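> I need the structure of the sequence given here:
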Amino acid sequence: MNIRCATVSAPEELVRFFTLATWGLLLYPACSLAQQVPAGFKVNLVDKVPDIEHPSAVTCDAEGNLFVGEDPMDMRGPSTEPIDRIVRYRWDKRGGPPVKTVFCDKLSAVFGMVWYEGALYVMNAPYYTMLKDTDGDGVADVRNRLADSFGQAPGLFGLNNHVPSGRRLGPV
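Numbers count the residues shown, from 1 in each chain. Now for the predicted structure:
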């Protein structure tokens with residue numbers, strides 16, 4: 001899977017674009033001839049396999065940096081080890097290629113991220129975690145687990161629970 005990037009001036013538009021990309025609406029342009037790049041957007045290849053592995057969630061911060069959650073623990077495994085990570089792409093202000101850093105690793109099942117007031121909040125079932133880079137090196141040096149018990153522990157019964165709320169619809 002390739003990660004493609006849009007260049008726009010307003011961060012909220014960028015977040016909207018990447019949210020659509022997460023749902024597969026813009027990452028797979030060959031799926032539908034009706035898909036078009038929105039006016040004012042430019043699509044560039046940012047990363048591709050094998051340098052990005054099983055992207056599961058994306059978001060941007062207020063400066064337009066892109067955060068991509070990777071979820072190999074559900075694909076190649078092992079599902080019992082916290083091997084997911086979040087990579088950060090920072091755009092070079094002079095127009096050079098984006099700079100990629102591993103923002104945080106040793107996570108479980110990264111399936112939701114939002115940037116809020118200088119920190120990245122991550123649903124990595126069964127945990128909800130706040131990550132923050134306080135020294136500006138592109139790597140989270142603050143890791144605060146805010147909540148747990150959102151589903152079973154990773155790898156319980158050899159699989160991951162992708163229902164982080166612990167609630168399910170339908171018969172039990």
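> Over stretch 107-119, what's the mean pLDDT, rounded is fine.
Averaging pLDDT along stretch 107-119 gives 91.
> Counting by contacts, list what the top strand by length along the chain packs against.
Determined from DSSP state E, the single longest strand within the chain is strand 99-107. Strand 99-107 sits against strand 84-90, strand 119-124, strand 127-132, with contacts defined as 3 or more C-beta pairs under 8 Å, 6 or more residues apart in numbering; DSSP states H and E. Heads up, the C-betas are built off the backbone N, CA and C, glycines and all.
> could I have it exported to CSV, CA atoms only?
Extracted C-alpha coordinates of strand 99-107, given in CSV (Å, rounded to 0.1, in the frame of the first residue of the first chain):
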residue,chain,number,x,y,z
VAL,A,99,11.7,13.6,7.0
LYS,A,100,10.5,10.4,8.5
THR,A,101,10.9,9.5,12.2
VAL,A,102,9.5,6.7,14.3
PHE,A,103,7.4,8.8,16.7
CYS,A,104,6.5,5.9,19.0
ASP,A,105,6.9,2.1,18.9
LYS,A,106,6.0,-0.9,21.0
LEU,A,107,2.3,-0.2,20.7
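> Thank you, goodbye.
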